[in-house]
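Colleague: Any chance you could fold what I've pasted below:
(chains A, B, C and D)
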2 protein chains.
Amino acid sequence: MGKQVTEMLKGTLEGIVLAILSGRPAYGYEITAWLRDQGFSDIAEGTVYALLVRIEQRGLVDVEKVPSEKGPPRKVYSLNAQGREHLEEFWRTWSFLTERLEQLREGGN
Amino acid sequence: MGKQVTEMLKGTLEGIVLAILSGRPAYGYEITAWLRDQGFSDIAEGTVYALLVRIEQRGLVDVEKVPSEKGPPRKVYSLNAQGREHLEEFWRTWSFLTERLEQLREGGN
DNA sequence: TTCACTATTCAGCGTTACTATGTACCAGTA
DNA sequence: TACTGGTACATAGTAACGCTGAATAGTGAA
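Modeller: Numbering: from 1, shown residues only, chains lettered A, B, ... in the order given. Model prediction:
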């Protein structure tokens, strides 16, 4: 992936994952695959796992170990109340940014 | 400023500054003031100057020293051809991100 | 001469995503 | 049995970027 995307993902990827989890519980491998499907072609697995550990430590998600038919047990994450709050805060910040940038884009050309 | 914004600005702030410079040449102090006006309330001065040094070293801007009436000489930056290219690339990346997030936002609730 | 505003610079830090690698579990197959 | 490939998670080390905090320097007004 371009370096540009990499930098832009900082702070955003967390919101993306929280948004995914707000729809349904999911586990790391699944999330990674989904992101790649969506065009985040070279998202590193390690990145997602590290992020999940982070948001778990911050208490934004609940975790449940679920046995898998095809490999080691899955760690299924689901958004809890605190996570939902954090997600809303993320959307507010995101909106602020997009508004500023939209203005710039229009005015700038 | 919230930590969330701080992280989200990574990669984005550069695009913002390039977009500003695409409209008109500007110098660091001016850019910082403008950003604060636009709601990036706690943008650190050091941040903008460091960014300007970076994009100058990458050859995205041309620099001219202009004497100021009210202080030390200003370093006025203007976007060159390479910078314009980079800015377009930034908009493409930004569009990609916003599209993904817009989808998530709609589907997620 | 002191203060406030303008203007730039830099060292050190924390956070985040990437790279690279390792572990482990299971199914199919030769 | 041994090998391969897909599933699933974990982590140490690195680079990039924005922030903190402070220093430096020029100008004009109190």
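Colleague: Look up the pLDDT of the nearest residue to residue A:36 once chain neighbours are set aside for me, please.
Modeller: With sequence-adjacent residues excluded and distances taken as C-beta to C-beta, 6 or more residues apart in numbering or on different chains, residue A:36 is closest to residue A:43, at 6.0 Å. The C-beta positions use only the backbone N, C-alpha and C, and glycine is treated the same way. At residue A:43, the pLDDT value in this model is 90.
Colleague: Which element, helix or strand, includes residue A:43?
Modeller: For residue A:43, there is no helix or strand it lies in under DSSP states H and E.
Colleague: So it versus DNA strand D, what's the distance?
Modeller: 12 Å (C-beta to the nearest atom of the strand, to the nearest Å).
Colleague: pretty sure that residue contacts residue A:33?
Modeller: No: the criterion here is C-beta atoms under 8 Å, and residue A:43 misses it with residue A:33 at 9.5 Å.
Colleague: Please say which of the two ends up with more neighbours.
Modeller: Each of residue A:43 and residue A:33 has its neighbours counted (other C-beta atoms under 10 Å in any protein chain shown); residue A:43 has more, 22 against 14.
Colleague: State the distance from that one to residue B:52.
Modeller: Here residue A:43 is placed at a distance of 31 Å from residue B:52 (C-beta to C-beta, to the nearest Å).
Colleague: Next: residue A:31.
Modeller: Taken as C-beta to C-beta, the span from residue A:31 to residue B:52 is 37 Å.
Colleague: any bit of the longest helix seen in chain A sitting next to DNA strand C?
Modeller: Longest helix of chain A, by residue count under DSSP state H: helix A:81-108. No: using C-beta under 7 Å from any atom of the strand, helix A:81-108 stays clear of DNA strand C, with a minimum separation of 10.9 Å.
Colleague: Show me what that helix is packed against.
Modeller: helix A:12-23, helix B:3-9, helix B:12-23, helix B:81-108 (3 or more C-beta pairs under 8 Å, 6 or more residues apart in numbering or on different chains; DSSP states H and E).
Colleague: So what's the gap between that helix and the chain middle?
Modeller: With C-alpha atoms, centre = their mean, to the nearest Å as the basis, helix A:81-108 stands 15 Å off its chain's centre.
Colleague: Now that helix: buried residues?
Modeller: Residues of helix A:81-108 classed as buried by neighbour count (16 or more other C-beta atoms under 10 Å in any protein chain shown): A:83, A:86-87, A:90-91, A:93-94, A:96-97, A:100-101, A:104, A:108.
Colleague: Tell me if that helix is near DNA strand D.
Modeller: No: on the criterion C-beta under 7 Å from any atom of the strand, helix A:81-108 is out of touch with DNA strand D, staying 11.9 Å away.
Colleague: Spell out which residues of chain A are next to DNA strand D.
Modeller: A:3, A:7, A:27-30, A:45-46, A:49-50, A:52-53, A:68-76.
Colleague: filter the residues you listed down to the ones near DNA strand C?
Modeller: Within these, those near DNA strand C by C-beta under 7 Å from any atom of the strand are A:45-46, A:50, A:69-72.
Colleague: Output these as CSV; include the columns neighbour count and secondary structure.
Modeller: Shown next, in CSV, are those (neighbours: other C-beta atoms under 10 Å in any protein chain shown; DSSP: H, G, I helix; E, B strand; the rest coil):
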residue, neighbour count, secondary structure
A:45, 13, helix
A:46, 10, helix
A:50, 11, helix
A:69, 4, coil
A:70, 5, coil
A:71, 8, coil
A:72, 9, coil
